[in-house]
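# When you get a sec, could you give me coordinates for this:
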Amino acid sequence: MTEKMLPTQPAAPEDSDLIEEFGREIIKQGERLDDVAKELFKLELAIPGIYAVALRLVVDKDVKPMMIVVAFAFWSVALGLTLWSIFPKRYNVLRSVPRWADKRTGSNKMSIEEFYTESARRKYRLLIGASICFFCGIVCAVWAVFQV
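Below you'll find the predicted structure:
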């Protein structure tokens, strides 16, 4: 079976930095994920916990229990999306290809440059979704107590 050669650009002098940084990225990723996980857990677990305690203080008021369930559901989805963005995804990266000579589609193999852009794009989308869900949870929590 003959495999078609993919067109690539010859490595430029500045590409050595890109290749070197790709190697460092793998090493630093675990350390950064631990730091991000600590901060995200503080926020996404503390807010619902504080809300649950505050809700207990105002239990005499008319509280909409369904909105409380919806708020915690939104917060759970936000936590899940955040965790999904934290855990690394396995990419099929060609370590010897800093970038492709021309734009290509349909291949599952990535250049080093594509790895950086695609992993950042994935995390961005997941964190936007998590932020929206977290905000919706806050709105539902306020609505449950104050019956806006």
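# Dead centre of the protein: give me the residue that sits there.
Relative to the mean C-alpha position of the chain, the nearest C-alpha, by Cα atoms, centre = their mean, is the one of Ser85, at 2.5 Å.
# so where does it fall, helix or strand?
Take DSSP states H and E as the rule and Ser85 turns out to sit in helix 65-86.
# just how off-centre is the helix or strand following that helix within its chain?
Counting by DSSP H and E, the next helix or strand C-terminal to helix 65-86 is helix 112-146. Here the centre of mass of C-alpha atoms in helix 112-146, compared against the chain's by Cα atoms, centre = their mean, to the nearest Å, lies 7 Å away.
# With stretch 70-84 instead?
With Cα atoms, centre = their mean as the basis, stretch 70-84 stands 12 Å off its chain's centre.
# Show me which positions of it end up buried.
With burial defined by 16 or more other Cβ atoms under 10 Å, the residues of stretch 70-84 counted as buried are Val70, Ala71, Phe72, Phe74, Trp75, Val77, Ala78, Leu79, Leu81, Thr82. All C-beta atoms are positioned from the backbone trio N, CA, C, and that covers glycine.
# pLDDT for these - can I get that in TSV?
Putting the buried residues of stretch 70-84 into TSV (pLDDT from 0 to 100) gives the following:
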residue	pLDDT
Val70	91
Ala71	89
Phe72	89
Phe74	94
Trp75	91
Val77	94
Ala78	91
Leu79	90
Leu81	90
Thr82	87
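# List the buried residues in stretch 96-104.
Residues of stretch 96-104 classed as buried: Val97, Pro98, Trp100 (neighbour count, 16+ other Cβ under 10 Å).
# now stretch 101-120: mean pLDDT?
This predicted structure assigns stretch 101-120 an average pLDDT of 76.
# start to end distance for that stretch?
Taking Cα to Cα, to the nearest Å, the first and last residues of stretch 101-120 lie 22 Å apart.
# One more: stretch 83-95?
The distance separating the two terminal residues of stretch 83-95, taken as Cα to Cα, comes to 27 Å.
# any residues touching it, and which ones?
Stretch 83-95 has contacts (Cβ atoms under 8 Å, 6 or more residues apart in numbering) with 19, 22, 29, 33, 36-37, 40, 108-112, 114-115, 118-119, 122-123, 126-127, 130.
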